[in-house]
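> Sequence first, then the predicted structure:
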Amino acid sequence: MVLQSLNRFEGYLINTCDECIKYVDTVDKPNVKVMLDTFHMNIEEDSLIDAIIKAGSRLGHFHVGEANRKPPRAGRMPWKEIGDALRSINYDGCVVMEPFVVPGGGVGKDIRIWRELFPDVSEEFLDKDAAESVKYLKEKFQ
């Protein structure tokens, strides 16, 4: 089981890595882990890198996305440093892209996606963009 820290605009219970760690440490069960997400971390954490390192062996799942919810690319997120931090804690779990670029549906409504974030939101474009993001992250995380 993983517990995700969400930014203050989407949740109120656990918003930071420190709060998530405190909860996980209080539960004190080996199957209860921290889940971090770069989108939420970008809002709440002073340092994404420090949060990853602090989570350490408690990190059980990791979501990646740009600060504007687009797939990872050469934006303002420090992807190489994020990869270095994950390697430094010997993280070998899943790294999952979680882009939200099209409004609609329950999730789109819940997280307030109110406009399409790309001029082309065809399935072909979104698939190509996701593939390019995977390639980009693999290069940065090596």
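Cool, the structure landed.
> In space, not sequence, find me the middle residue of this structure.
When CA atoms, centre = their mean is applied to the chain, the residue found nearest the centroid is residue 37 (2.3 Å).
> Could you pull up the contacting residues of that one?
4-6, 62-65, 98 (CB atoms under 8 Å, 6 or more residues apart in numbering). Every residue, glycine included, has its C-beta placed from N, CA and C.
> Please, where are all the strands along this structure?
Taking DSSP state E, the strands of the chain run over residues 2-4, 33-37, 59-64, 95-97.
> now the angle from the second one to strand 59-64?
When you say that, I think you mean strand 33-37. 10 degrees (axes from the mean of the first three to the mean of the last three CA atoms, to 10 degrees).
> Test my guess that residue 82 contacts residue 51.
No. Here residue 82 does not reach residue 51: they are 10.1 Å apart, not a contact under CB atoms under 8 Å.
> What's opposite residue 59 in the beta bridge?
Beta-bridge pairing for residue 59 (DSSP bridges): residue 34.
> ranges for the helices of this protein?
17-27, 38-44, 48-55, 79-88, 105-110, 123-141 (DSSP state H).
> Packing partners of the last one?
Spelled out, it's helix 123-141. helix 79-88, strand 95-97 (3 or more CB pairs under 8 Å, 6 or more residues apart in numbering; DSSP states H and E).
> Out of the ones you listed, which one sits most buried?
Sort the helices and strands packed on helix 123-141 by mean neighbour count, taking mean count of other CB atoms under 10 Å, and helix 79-88 sits at the top with a mean of 17.
> average pLDDT for that one?
Mean pLDDT, computed over helix 79-88, is 97.
> Render the CA-only coordinates of that helix in PDB, please.
Included here for helix 79-88 are C-alpha records, laid out as PDB according to Å, rounded to 0.1, in the frame of the first residue of the first chain:
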ATOM      1  CA  TRP A  79      14.900  15.500 -14.400                       C
ATOM      2  CA  LYS A  80      18.500  14.500 -14.300                       C
ATOM      3  CA  GLU A  81      18.800  15.400 -10.700                       C
ATOM      4  CA  ILE A  82      15.500  13.600  -9.900                       C
ATOM      5  CA  GLY A  83      17.000  10.500 -11.600                       C
ATOM      6  CA  ASP A  84      20.200  10.900  -9.600                       C
ATOM      7  CA  ALA A  85      18.200  11.100  -6.300                       C
ATOM      8  CA  LEU A  86      16.200   8.000  -7.100                       C
ATOM      9  CA  ARG A  87      19.400   6.100  -7.900                       C
ATOM     10  CA  SER A  88      21.100   7.500  -4.700                       C
END
